[in-house]
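Asks: kindly generate the corresponding structure for this input.
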Amino acid sequence: MSDTTETLPPCPECSSVYTYEMGALVVCPECGHEWSPASAEPTGGTGGDGAVDGTVRDAVGNVLADGDTVTVTKTLKVKGSPSGIKAGTKVRNIRLVDGADGHDIDCRIEGFGPMQLKSSVVKKA
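Replies: Residues are numbered from 1 along each chain as shown. Below you'll find the predicted structure:
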């Protein structure tokens, strides 16, 4: 393991080059993001204009694209709403964005209005 630091990918969250291995995971010391190097092979970047150039994958690994329909996989709390978004809710016509805190899907949910979701909590329908 003499040159593993040279072959480690940059952080997919903040693009830091100071990543290191910790067991089976790769860790970013700057933002604290942890990921499996096998799942990060199709690396995606941003074009600088907020549009995602790379691949965005759902909770089970399916590639997402603008206009797809997805299903929420777990119940989500929504500020100001007593019920939140229930698991199984269908969301139509998503738009991929480079949002804050890992929110990479921009959508409109009936009964809630426009909002952003993380791709890790949805499944392609």
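Asks: so Ser120 touches Val60, yeah?
Replies: No - contact criterion C-beta atoms under 8 Å: Ser120 and Val60 do not qualify, at 10.1 Å. For glycine as for every other residue, the C-beta is placed from the backbone atoms N, C-alpha and C.
Asks: ok, those two, which is more surrounded?
Replies: Neighbour count, other C-beta atoms under 10 Å: between Ser120 and Val60, Ser120 has more, with 12 against 9.
Asks: backbone phi and psi for that one, please?
Replies: Per-residue torsions, Ser120: phi -70, psi -10 (degrees, to the nearest 10).
Asks: what about the strands in this protein?
Replies: Assignment of strands within the chain using DSSP state E yields the ranges 20-22, 25-27, 34-35, 56-57, 63-64, 70-72, 90-91, 95-96, 103-109, 113-118, 122-124.
Asks: reformat those as JSON lines; add mean pLDDT, mean neighbour count and distance to Val78.
Replies: As requested, the strands of the chain are exported to JSON lines (pLDDT from 0 to 100; neighbours: other C-beta atoms under 10 Å; distance: least, C-beta to C-beta, whole Å):
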{"stretch": "strand 20-22", "mean pLDDT": "83", "mean neighbour count": "11", "distance to Val78": "34"}
{"stretch": "strand 25-27", "mean pLDDT": "83", "mean neighbour count": "17", "distance to Val78": "31"}
{"stretch": "strand 34-35", "mean pLDDT": "78", "mean neighbour count": "15", "distance to Val78": "27"}
{"stretch": "strand 56-57", "mean pLDDT": "89", "mean neighbour count": "18", "distance to Val78": "22"}
{"stretch": "strand 63-64", "mean pLDDT": "90", "mean neighbour count": "16", "distance to Val78": "21"}
{"stretch": "strand 70-72", "mean pLDDT": "94", "mean neighbour count": "20", "distance to Val78": "11"}
{"stretch": "strand 90-91", "mean pLDDT": "94", "mean neighbour count": "16", "distance to Val78": "13"}
{"stretch": "strand 95-96", "mean pLDDT": "92", "mean neighbour count": "19", "distance to Val78": "19"}
{"stretch": "strand 103-109", "mean pLDDT": "92", "mean neighbour count": "18", "distance to Val78": "9"}
{"stretch": "strand 113-118", "mean pLDDT": "91", "mean neighbour count": "14", "distance to Val78": "8"}
{"stretch": "strand 122-124", "mean pLDDT": "92", "mean neighbour count": "20", "distance to Val78": "15"}
